[in-house]
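> starting from these lines, generate the structure:
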Amino acid sequence: MMGPGWYLRRLSRMGPAEVVGRARHAVVQRQWRSSLPTPPDWPSHPRFTSALPAGVLGKVSGEAGSRLVATADELMAGRAEYFGVDRSDFEAPDWFLDPKTGRRAPSDVYAFDVPYRSEDTVGDIKQIWEPSRHQHLTVLAAAYALTGTSAYASRVAEHLRSWWAANPPLQGPHWVSGIELGIRLLSWVWTRRLLDGWPGAAELFEDNPDFQLQLWHHQNWLATLRSHGSSANNHVIAEDAGLLAAACAFGWFPESAGWRSAAMRSLDVQLARNTFASGLNAELASEYHGLVLELGLAAAVEADAAGTPVPESTWDVLLRMTDALASIVDNRLRPPRQGDADDGFGLIVDGTSTDRWASLLATGEVLFGRLDWWPPVPGDDVRTALLASLAARTPRASGGRPGRRPAHLRDAGMTILRSGRLWVRCDGGPHGFLSIAAHAHADALSLEVRHDGVDILADPGTFCYHGEPQWRSYFRSTLGHNTLELDNRDQSVSGGPFLWTRHAVTKVLDVHTPDAGPSRWSAAHDGYAPALHRRTVELDGDVLSIVDEVLGDGDPGAARLAFHLGPAVTVMLDGTTARLRWVADPDPAGPSEAAAVTDPLVGRVSGSLGGTAVRTAVMELPAGLSWTVHRGDTEPPLGWYSAGFGRKEPSTTLVGSGTPGQLTTLLHFS
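The predicted model follows:
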C-alpha cells in the first residue's frame, strides 16, 4: 500500500483542475457505495446490426487461420499463459485468483475499497486483471467464425455467464480501473460480432438481462469517471475506445448517442495529446505506442461502420502513428524496447505466434497505403482483414507523409542509426509524458544496438509494476540502461512506481543521418546538474563509437558506465577488451531459441550450433574505468533481461567504475 508520503508527492504533480476533478470522482464513488446507479429500461427487441461484411473471413490466409485455431485449441484444453505464468485451469477459471502468489482477491468488496496495489492482500493484480480483459474470448470467437465449430462459441458463453455472475456491478477488483473496463467492452463488441451466426448469440447478448446490466454499468462508469489530468495517458485512450465501440455496436440505451459523441470527441483530443507530431506515442514507451494504435484503429473503424463521423484529425493521428512505427522498427520489424512494457493489447483475434508489429503495419498498409521506404510487411494475420472490412467506406487521411524514412524524430528525441544489418537507437527525448511520467525510465542518452534483429546492447525491459519494488526500481533505473550513472543515483528522481518528481532534461545537439556514409548523433542531459553528461555516437559501417563526457564545475561523484548485453550474447572479458559472440537468428519473426547460451563469462556456446552462423564483435572499453562482469546478481539486482512482463532471465552486464572524464567505447562487428 502507498504511504502518506506517496500521496503528498502524487498530489504535488497535479494541477488545480485535476484536484477538483478527482474530488468530484470521490464524491461519485461515495454515492455509488450507498446507491448504485439504475440503468434505464432495456428495449423490447434490440438487434445487433454490426456483423462483418460477407466474404471477409475468406480473406484470412490458411497460415493465419491455423495459428488462430492452434491457440484456441490450447484455450479449449484449459491452458493459457499470462506474464510468464502457465495456467491449466482455463476451462473454468477463477476470475479472482492470482496463480503466481496463490492469493485470491476479495470478490465481495465494494470496488473502490479493494487495495489492488497490495500484493500481500490481493496478489499480483495484473495476473487477476488480464484474463478479465476477455481477449481469450475474442480468440475463441474468431476460431468459431473461421471454422463454424460450435464448441468454441459454447465455451465463450460459459465464460461470459460465469464472469457476469461473479462480478456484479461495482463489486470486486474488476471494477476499479477504467482501462480494464474499456478493453473488456471492446472484447465484448468483437466477441458478439464474431459469434454472429451462432444460434445462441442473441440469447447470450441482446436478449440477456445480465448482459444488459453489465453493458450499461460499464459504459456509465467510463462516461462518469474518465481519466484526466496527469493520468490522461494510454488509460484514457482505452476508456474512450471501449465506450465508443460499445455505444456504436450496442447503441440500445437512451444515453448511447451522447456516449458516442462524447467518446468520439474525447478520443480525438486525447489521441492528439498522446502523440507527437512525428507520430510517436508521447509516453515514449514502445509497447504503449502499439496499444494506443490498436485501440485507436479499432475504435475508429467501429465508429465508421456505425455511421458515426470520425474526424479527419483522428485518422491523421493514426496515420502518423503507423508511419512512425514503420520508421523505427529494425530489419526484423521489432520496435525499440524503450520505457515500460506490460504486454497489453487493444484487440486480439490472432494466434499467439502472430507478430504484433507486422500485423499493425499490415493494417496500416491496407488502410493508409504503404510508402516506398516502408520495410516489407508479411501481411499474414487475421485482424487486418477484419478491421479493414469495417472501414472500407471512409477515405483515409491524405495529409503529408515523409518522403524518406525518418531517422530522427525530433520532438520525441528518438534517433535511429542504420548501417547494413546494424540498428542503433539513441535516446535524446523528454523523460516521459505528463507531470508524473508514469511509464518512463531513467534512461537519458541510453542506446540499443541490434545486429540483424538480435539484441547486442539491450534495453533490459520492465519485468514488473507492483509487488516487487526492488525489481521495479532496477529495471527503470539509470544503471539498468546503457548509459552513464553518476554519484550512485538515477538521472531523474522517483517518487513511486509510476511517479517521477524530477525529470532530467535532454537536448539533442547534433544529428547527421545521410543515406550513405557515417551517421552521427550527440546529446546531453542535466540530470546530474551542475554536471552535464554529453554523449556522442557515430556509426561508420561495422564500427560503432560511443564517447561519454562529463562537463561542468564541481565534483560529479563516481561514475558507472553500464553496457547490458542481450541474452543471446556471450562475452569473454580480458582487461578492457570484451569479445562478444552470438548465434545469428535465422527466423525473421524474432530471436531464435537456439540463441540461448550458457557459461557466458568464458564465451563458450554449449550444444550444437546446428549449422547456424555464429557472429562476433569486439568491444574496446574505456581504459580509465575498472570493468566487472555481472550476470543474474540479486543483491542488488544487476545483469537481467525481461523479454516480457512478468518474465526475467539472467543476461550479462559490463560495468565500468571510476572517475568520469572522456570515456570512449568502440564496438567492432565482424
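> Asp633 - how many residues pack around it?
Counted by other C-beta atoms under 10 Å, the residues lying close to Asp633 total 13. Any C-beta I mention is one placed from the backbone N, CA and C, and that applies to glycine too.
> surely it and Ser651 touch.
No. Contact criterion C-beta atoms under 8 Å: Asp633 and Ser651 do not qualify, at 11.1 Å.
> now do the shared contacts for these two.
Common contact partners of Asp633 and Ser651 (C-beta atoms under 8 Å, 6 or more residues apart in numbering): Gly639.
> distance of Pro637 from Asp443?
Counting by C-beta to C-beta, to the nearest Å, the gap from Pro637 to Asp443 is 16 Å.
> neighbour count winner among the two?
Asp443 (27 against 21).
> for Glu485, give me the backbone phi and psi.
Per-residue torsions, Glu485: phi -100, psi 140 (degrees, to the nearest 10).
> repeat that for the one 5 residues further on.
Backbone torsions for Asp490, taken as degrees, to the nearest 10, come to phi -70, psi 160.
> with Arg265 instead?
The phi/psi pair for Arg265 (degrees, to the nearest 10) is phi -60, psi -50.
> Val454 reaches Ala568, doesn't it?
Yes. Judged on C-beta under 8 Å, Val454 makes contact with Ala568 at a distance of 5.5 Å.
> next SSE downstream of the longest helix along the chain?
Longest helix in the chain by number of residues, with DSSP state H as the criterion: helix 286-306. Towards the C-terminus, the helix or strand next in line after helix 286-306, according to DSSP states H and E, is helix 312-328.
> which strands or helices does that following helix pack on?
helix 256-273, helix 286-306, helix 356-368, strand 408-409, strand 414-419 (3 or more C-beta pairs under 8 Å, 6 or more residues apart in numbering; DSSP states H and E).
> between the second one and strand 414-419, how many degrees?
If you take axes from the mean of the first three to the mean of the last three C-alpha atoms, to 10 degrees, helix 286-306 sits at 110 degrees to strand 414-419.
> centre of the chain versus helix 286-306, how much separation?
Centroid displacement of helix 286-306 relative to its chain, using C-alpha atoms, centre = their mean, to the nearest Å, is 14 Å.
> please save the CA atoms from it in PDB.
Only the C-alpha atoms of helix 286-306 are listed here, as PDB (Å, rounded to 0.1, in the frame of the first residue of the first chain):
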ATOM      1  CA  SER A 286       7.200   1.500 -27.500                       C
ATOM      2  CA  GLU A 287       4.600  -1.100 -26.300                       C
ATOM      3  CA  TYR A 288       2.200   1.600 -25.400                       C
ATOM      4  CA  HIS A 289       2.600   3.000 -28.900                       C
ATOM      5  CA  GLY A 290       1.300  -0.300 -30.100                       C
ATOM      6  CA  LEU A 291      -1.500  -0.400 -27.600                       C
ATOM      7  CA  VAL A 292      -2.700   3.100 -28.400                       C
ATOM      8  CA  LEU A 293      -2.600   2.500 -32.100                       C
ATOM      9  CA  GLU A 294      -4.500  -0.800 -31.800                       C
ATOM     10  CA  LEU A 295      -7.200   0.900 -29.600                       C
ATOM     11  CA  GLY A 296      -7.400   3.900 -31.900                       C
ATOM     12  CA  LEU A 297      -7.800   1.900 -35.100                       C
ATOM     13  CA  ALA A 298     -10.400  -0.500 -33.500                       C
ATOM     14  CA  ALA A 299     -12.500   2.500 -32.200                       C
ATOM     15  CA  ALA A 300     -12.200   4.500 -35.400                       C
ATOM     16  CA  VAL A 301     -13.300   1.600 -37.700                       C
ATOM     17  CA  GLU A 302     -16.100   0.800 -35.200                       C
ATOM     18  CA  ALA A 303     -17.500   4.300 -35.400                       C
ATOM     19  CA  ASP A 304     -17.000   4.300 -39.200                       C
ATOM     20  CA  ALA A 305     -19.000   1.100 -39.500                       C
ATOM     21  CA  ALA A 306     -21.800   2.600 -37.400                       C
END
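> buried stuff in that helix?
286-306 (16 or more other C-beta atoms under 10 Å).
> tell me where the model's unsure across the protein.
Across the chain, the ranges flagged by pLDDT under 70 are 1-2, 6-7, 392-399, 587-611.
> and if we set it to 50?
Confidence mapping of the chain against pLDDT under 50 gives the ranges 589-611.
> so which residue is dead centre in it?
Residue closest to the mean C-alpha point of the chain, counted by C-alpha atoms, centre = their mean, is Glu287 at 2.5 Å.
> so that residue sits right up against Asp342, yeah?
Yes. At 7.0 Å, Glu287 and Asp342 qualify as touching, with contact defined as C-beta under 8 Å.
> do a quick rundown of the helices in the stretch 151-300 of the chain.
Remark: helices assigned in the stretch 151-300 of the chain by DSSP state H, counting those that start in this stretch are 178-194, 201-204, 209-224, 234-249, 256-273, 286-306.
> can you tell me which of the ones you listed is most buried?
Greatest average neighbour count among those goes to helix 234-249 (a mean of 28), per mean count of other C-beta atoms under 10 Å.
> follow-up on the earlier one: give me every residue that touches the residue nearest to the centre of the chain.
Taking C-beta under 8 Å, 6+ apart, one finds Gly339, Asp340, Ala341, Asp342, Asp343, Gly344 in contact with Glu287.
> for those, work out which two are farthest apart.
Gly339 and Asp343 (13.6 Å; C-beta to C-beta).
> the two - which one has more neighbours?
Gly339 (26 against 18).
> need the contact list for the more buried one.
Per C-beta under 8 Å, 6+ apart, neighbours of Gly339: Glu283, Leu284, Ala285, Ser286, Glu287, Tyr288, Gly432, His439, Ala440, His441, Asp443.
> please apply the same query to Gly554.
Gly554 touches Pro530, Ala531, counting by C-beta under 8 Å, 6+ apart.
> got phi/psi on Arg615?
phi -110, psi 150.
> wait, doesn't it sit right on Pro586?
No. Counting by C-beta under 8 Å, Arg615 sits too far from Pro586 to count as a contact (11.9 Å).
> more crowded one of the two?
Arg615 (20 against 13).
> identify the bridge partners of that one.
Trp582 (DSSP bridges).
> and for the one 4 residues further on?
For Met619, the residues forming beta bridges with it (DSSP bridges) are Ala578, Leu667.
> so who does it touch?
Taking C-beta under 8 Å, 6+ apart as the test, what Met619 contacts is Phe563, Thr577, Ala578, Arg579, Leu580, Leu654, Thr665, Leu666, Leu667, His668.
> cool, and Pro169?
Leu36, Trp175, Leu213, Gln214, His217.
> pick the one among those residues closest to Thr147.
Gln214 (27.6 Å).
> distance of the closest one relative to Leu185?
In terms of C-beta to C-beta, Gln214 sits 9 Å off from Leu185.
> one more: Pro336?
In terms of C-beta to C-beta, Pro336 sits 30 Å off from Leu185.
> now do Gly197
22 Å.
> and what of Gln127?
Gln127 is 21 Å from Leu185, by C-beta to C-beta.
> try Gly5
On the measure of C-beta to C-beta, Gly5 and Leu185 end up 36 Å apart.
> related to what we said a few turns ago, can you redo the helices of the stretch 151-300 of the chain as JSON lines with distance to Arg133?
Compiled in JSON lines, the helices of the stretch 151-300 of the chain are given as follows (distance: least, C-beta to C-beta, whole Å):
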{"stretch": "helix 178-194", "distance to Arg133": "5"}
{"stretch": "helix 201-204", "distance to Arg133": "18"}
{"stretch": "helix 209-224", "distance to Arg133": "12"}
{"stretch": "helix 234-249", "distance to Arg133": "10"}
{"stretch": "helix 256-273", "distance to Arg133": "19"}
{"stretch": "helix 286-306", "distance to Arg133": "12"}
